[in-house]
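Asker: predicted model and sequence follow; I will ask about them next.
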Amino acid sequence: MFQKWKDRVTVTDIVMWMIGGTMLLLCLWGSVSTIRAGLYTSSHWIDFCIFGLAQGSIYALIATGYTMVYGVLKMINFAHGEVFMSGPFTGYFVAMAFWRSDFLDTHPVLGIIVIFGVAMFVSTMIAYFLEKIAYRPLRSAPRLIPLITAIGASFFLQYLFRGLYGSGINAYPDIEILEGFWMIFGIRVLKIQVIVIIAAVLLMLVLYNFIMLTKVGKAIRAVSEDKEAAALMGINVDAMISTTFVIGGMAAGAAGVLYALMFKQVHFFMGFIPGIKAFTAAVLGGIGNIPGAMLGGVFLGLIESVAPALFLDGLGIIAPYQLKDAIAFSMLVMVLIFRPTGILGERLSAKKA
Amino acid sequence: MTKAQSLWNHGVKIGAIGGVSVLIIALVGMIESFGKRDIISGILPMGIAMALIICILVAYIAANKTPICEKSVKFANAVISGFVTSGFLALLVAIGRSFNIRDMFVGASPALYKALTAGIAGAGGIFLILAVGLICGIFAGILIILNDLPRKLIINALATIFVLGLLQELIIPIFKSWDFGVTNYLGKLFYTQNGLTIFGTVLAAVIYCIISLLWKANQDTIKTTYKDLPKGTRKKVKTFGFFVLAVFLIVLPQFLGLFLSEVLTIVGLYILLGLGLNIVVGYAGLLDLGYVAFFAIGSYVVAILTSPEIFSFGFNFWQALPIAVILGITAGVMLGIPVLKMRGDYLAIATLGFGEIIRILVLSDFLKPWLGGAQGIGAIPNPNFMGFQMVKPQHIYYLILAGCMLVVFISIRLKNSRLGRAWMAMREDEDVAQAMGINLVATKLFAFATGAGFSALSGAIFASKIGSVYPHSFNLFISINVVCLIIIGGIGSLPGVVVGAAVLMGLPELLREFAEYRMFVYGAALVAMMLLRPEGLWPEARHKIELHGDDETQTQTAA
């Protein structure tokens, strides 16, 4: 019995378990001492959670784009963060035009819908042409090459928009119906955060049902299972890959406007960090898995807003919020080490991973 | 589709693509801001030259892609696409003059329209743009009709002129620094303060044509003579070549000014980084996007040990250097262990995460008492070589050169060693390599450790060159740049690393005025490079076969 166990466990496994165990103990110790010290009241925690949920649902929307592209092409679309940025950046000019002409005050809902429409259209176009120009010719190339192309496309798009729209940070206009608070069950919450959560959940439901229930969705799923077999079944693989990029672009454009409405600013570099975070979320949930990406996004958003206070304050680390990105990346590394398939993922064969 | 439509389809379609690209370049502001520099003094500003090149190129491609062999159809397609391309610009000028689109597009300024229309107001300017487009199309059409030899000569002569004009900032200081009568005279002959002289332009084109004709006539004889030499003599020729190269590298900074030497040291540091990552990515096939972490470790170790700012250990550079490299190697092994089981993209993302974690930790207030936080660590003393202070970039250059030589030597020796072959076997297929008795754990860790050691060496030199270290110098872009330069140069190839570093790091430094558009061009070049020449500029023989082999090998790699 012992001999068998000894054969299967290597030294590296033991080292890794030790690392994982230490991290877990540190987190536990940190949270216990934070809660015992009573630095934060329960309303603080609720604020953290709602902000985390709002941020997380934006990550989730972006992450679906990453995960679907990974599903069909098995590549990391590094430029997805720029697809996310392009929409709200263009939408900003529409919003400003509306704001100047008082259209946003007289018809706020219609105005917001138009902004969403413009942003989603631009993001979709960028995603579509990105696939068509940069990725399609490289379908059968070795894996590193599309990755480099994606990095190049990401730089190109960032600096294209910088050149077109300027390098300044532009403030989105205040829209009156989105300002202020709501009281929900006696808890004061920011309107915009609730709206972001609701809108993101609605969009995700639409997207999920589209993928699961429609014929096109079924075809996309077939392509991500096995391209050749799908082609033999009469599915137009190229068209399905384009559709995937279009859907991902729409989701990213919508997420971008939500992000811009919540944080009130757009600039050419805004896609980079959310892009990497969303990729982290996609991996957390199990890459290639759409509900997984949604769950991973929400989870990451929550961890990011709660964990610095919960884990690190108790350990006596000053300015814990500076380390929130480090926590997100440590989560990513830990998940990759101990459960490379993510929270909801199925086991990928070695060739696929 | 009727036949008449399909004939002109190519011209219109490709012309439209060209039109969009010219439009992007104009709206981004490149044409306007490059208008200040001339290729040919007083005649051809660089911005207009770029638009013309795109126009001609697009027309040429349109004609080339036309499937019908009749030359008249090709010619017509070239003219059409040139016209369509210029039509986009004409439209921009027409719209921009009558509506205010500057709120959205910051580059759409009156200065741009003035540059495009050569200052002619009203409809005349728009007609001028269209006429120039037409002329470009006709020129491209003529190029298509011509025979191979004159076509190549014309294209290459034009390219020579463009490159000479583009690199004037590089060439003029070299002429000046020699300061002989001859070079001064040559400098004056070719260049004015801004751009080539007209005489210089013609002369450059003529000289190019003569040289290339001579080479064309004699290249076969030269090549066969070299091949017919006995083996011993050929070896001697090669050794002599290396000797000349070494002497050239040693005296190089003496000719270059301060600025060019500075550029050279930056390129040198990236060569060091690239050589290290080449072992990890190129030889062992492990895509590491967190490579900057080891660079940062090397820098910070040297900073902490030598700078009196935080702790006063009072080490000098040479004492700190081995410690930095050893700590870098240790970090490489320690970060390597957790990622041993990962492959491909997962490995890339995990290492990217590690790199970011280290940067964020260094930046945080939490570790500020030890690492200096966002202010970094300053007052790092310059290295001292046998009582000689290395202050200027020219001095640091020799330090980097020595480092590069050492690393190149180690890389060459490793490549043909047992370990190197194990790396390559692992790169091709991990499972098969393991089945052949390769210890994957040790092999992978050796790759991480060697790469990390080289990177730490580079970081140590970087810290003493700059004199201070900040966490912001160690962001993700350095890792990405290094990966890109390896792939642009040709993955796994040592000369490729040098070429890649020179092209990706050196060229943008030389074209500092273009700083605004540096990343824009860089991104576009990366994409174009991967689409057109994925094996890199100077590929390793084996890799080239893999990408451009016959059909049989291609299907094998696809499967």
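Answerer: Received, thanks.
Asker: number of residues surrounding the nearest residue to B:Phe317 once chain neighbours are set aside?
Answerer: If you skip the residues right next to it in sequence, B:Phe317 has B:Pro383 as its closest partner in space, 3.8 Å away by CB to CB, 6 or more residues apart in numbering or on different chains. The C-beta positions use only the backbone N, C-alpha and C, and glycine is treated the same way. For B:Pro383, the number of neighbouring residues by other CB atoms under 10 Å in any protein chain shown comes to 23.
Asker: and B:Pro383, how close does it get to B:Arg359?
Answerer: From B:Pro383 over to B:Arg359 the distance is 26 Å, taken as CB to CB, to the nearest Å.
Asker: with B:Leu445 instead?
Answerer: From B:Leu445 across to B:Arg359, the span is 23 Å (CB to CB).
Asker: what about B:Arg151, distance to B:Leu143?
Answerer: B:Arg151 sits 5 Å away from B:Leu143, taking CB to CB as the criterion.
Asker: check B:Leu134 too.
Answerer: Here B:Leu134 is placed at a distance of 15 Å from B:Leu143 (CB to CB).
Asker: of those two, give the one with the bigger neighbour count.
Answerer: Of the pair B:Leu134 and B:Leu143, B:Leu143 is the one with more neighbours under other CB under 10 Å, namely 21 against 17.
Asker: for the one helix or strand the more buried one maps to, buried residues please.
Answerer: Taking DSSP states H and E as the criterion, B:Leu143 maps to helix B:122-145. Using 16 or more other CB atoms under 10 Å in any protein chain shown as the test for burial, helix B:122-145 gives B:125-126, B:128-129, B:132-141, B:143-144.
Asker: just name the closest of those residues to chain A, please.
Answerer: Closest to chain A out of those is B:Ile129 (20.8 Å), distances taken as CB to the nearest CB.
Asker: need the pLDDT of the closest residue to the closest one other than its chain neighbours.
Answerer: In space, B:Ile129 comes closest to B:Ala90 once its chain neighbours are excluded; the distance is 4.6 Å by CB to CB, 6+ apart. On pLDDT, B:Ala90 comes in at 89.
Asker: which residues does B:Ala90 contact?
Answerer: If you count contacts by CB atoms under 8 Å, 6 or more residues apart in numbering or on different chains, B:Ala90 has them with B:126, B:129-130, B:133.
Asker: for B:Leu128, see how far away it is.
Answerer: According to CB to CB, B:Ala90 stands 9 Å off from B:Leu128.
Asker: what's the least confident helix or strand in the chain, going by average pLDDT?
Answerer: Assuming you mean chain A. Averaged element by element with mean pLDDT, DSSP states H and E, chain A has its least confident helix or strand at helix A:2-8 (a mean of 67).
Asker: nope, chain B please
Answerer: That would be, for chain B by mean pLDDT, DSSP H and E, helix B:551-558 at a mean of 42.
Asker: return the residues of the stretch 351-500 of chain B in contact with chain A.
Answerer: By the criterion of CB under 8 Å from any CB of the partner chain, the positions of the stretch 351-500 of chain B lying close to chain A are B:352-354, B:356-357, B:360-361, B:363-366, B:431, B:441, B:480, B:483-484, B:487, B:491.
Asker: mind listing which of the residues you listed are in helices?
Answerer: If you go by DSSP state H, these have B:352-354, B:356-357, B:360-361, B:363, B:431, B:441, B:480, B:483-484, B:487 in helices.
Asker: comparing B:Leu445 and B:Arg359, which residue is more hemmed in?
Answerer: Residue environment comparison for B:Leu445 versus B:Arg359 gives the larger neighbour count to B:Arg359, 23 against 18, counting by other CB under 10 Å.
Asker: what about A:Asn170, neighbour count?
Answerer: Using other CB under 10 Å as the criterion, the residues surrounding A:Asn170 number 19.
Asker: that one: what's it in contact with?
Answerer: When contacts are counted by CB under 8 Å, 6+ apart, A:Asn170 is found next to A:89, A:92, A:265-267.
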